[in-house]
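Chemist: pasting the sequence and the predicted model now:
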Amino acid sequence: MATAAATAAAPAGPDQRRVVAVPVAGPAHLAGLLRGPQRPATVLVSGRGAAYLGVGGGRGQDAPLLAVVAAGAVPVPCALVLPAGYDPCELLPAGGDVTVGGVAGGVTSSGTRLAVRRWWSSPPLPHGRARPSAVAALTGLLDRLDAAGRAAGAAPAPDVVTARAAAGPAAAALADGDPAKAVAALVAVLGLGPGATPSGDDVTAGVLLAARATDVPPAVLDPVAAAVTSAAAGATGAVSAALLADAAAGRCAAVVTDAVAALLGLRPPEPAFGDLVALGHTSGADLATGLLAVARTQHDDRHDTWMEPTT
């Protein structure tokens, strides 16, 4: 593990261990958490270049999520980004004592302190109307991926198929101004599928992000976002619940923002769409399915303009 960027803080007393400070970039919207009173944290997931911490020992909104990611990994909105050469799994071993905030700030674990030296923010979500050519390009890419998988004997698992099938009804309900129907479609698939971010959650995140980007009226979208965020706390894992809360607020990784921009015709479809669908095992394609479902409603005669919410 590289140590050139690390500095050692002198112990304050004979009983205190030497603490090595590793400079990291921290998410600006969580500066209050990282600089606030010291709180215990639990390593929820550790692997594949990222570790996820649940702060405070609770779930959902009661346990803010922090990610610690390796240099070059996809930084989710809540990520602390390490310098090159550091492995988050080594710095944050499962079961170790972890604290967040306090006098020194940052994250401290097993004699190592992740010290925030600069702040970063997720790129803002673009806004506009989906371009028909971009909708066609993303549709074609997903169709080719599906055909290639089936030809190789790797058809999507039943849970993945069910999760993706919810995107269309949810998007149509949003376009029709019916928050209740959209909530019912999305909540039904929360937690569906394997992994830290199940397919149902990724599809839901895609729908929420596309709805925010295409300016679904707040009277329609806000109650859906609030209901999904609340339901996720008890329906899926803590990591995915926190990432869904970010999506509901319009925050996402830059690779997703780029794909949204491409869908709106603000940048070329490639490599944006290809980079998106390459995420995880099915996460990228699941997110793309949610994005695409909302984009398609903008070019459906029934949903040419957004309707007021039904009562």
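Modeler: Structure received.
Chemist: could you pull out the strands in this protein for me?
Modeler: Using DSSP state E, the strands of the chain run over residues 7-9, 19-27, 39-47, 50-55, 65-69, 79-81, 98-100, 107-109, 112-120.
Chemist: neighbouring contacts of stretch 39-46?
Modeler: Under the criterion Cβ atoms under 8 Å, 6 or more residues apart in numbering, residues 33, 51-57, 65-66, 88-89, 92-101, 107, 196, 237-239 lie in contact with stretch 39-46. All C-beta atoms are positioned from the backbone trio N, CA, C, and that covers glycine.
Chemist: so what's the gap between it and the chain middle?
Modeler: How far stretch 39-46 lies from its chain's middle: 17 Å, per Cα atoms, centre = their mean, to the nearest Å.
Chemist: just stretch 278-293 next, same as before
Modeler: Relative to the chain's own centre, stretch 278-293 is displaced by 12 Å; criterion: Cα atoms, centre = their mean.
Chemist: with stretch 173-190 instead?
Modeler: Its chain's C-alpha centre and that of stretch 173-190 lie 20 Å apart, by Cα atoms, centre = their mean.
Chemist: do the same with stretch 112-124
Modeler: 17 Å.
Chemist: below-threshold pLDDT in the stretch 201-311 of the chain: ranges please.
Modeler: Low-confidence segments of the stretch 201-311 of the chain, defined by pLDDT under 70: 300-311.
Chemist: which of the strands of the chain sits closest to A285?
Modeler: strand 50-55 (19.8 Å; Cβ to Cβ).
Chemist: for that closest one, buried residues please.
Modeler: A50, A51, Y52, L53, G54, V55 (16 or more other Cβ atoms under 10 Å).
Chemist: can you check stretch 124-141 too?
Modeler: Buried, per 16+ other Cβ under 10 Å, within stretch 124-141: L125, P126, A130, R131, A134, V135, A137, L138, L141.
Chemist: report the contact partners of V98.
Modeler: Taking Cβ under 8 Å, 6+ apart, one finds P40, A41, T42, V43, L53, L92, V107, T108, S109 in contact with V98.
Chemist: nearest residue to the middle of the protein?
Modeler: Centroid check for the chain by Cα atoms, centre = their mean gives L243 as the closest residue, at 4.0 Å.
Chemist: no further queries at this time; thank you.
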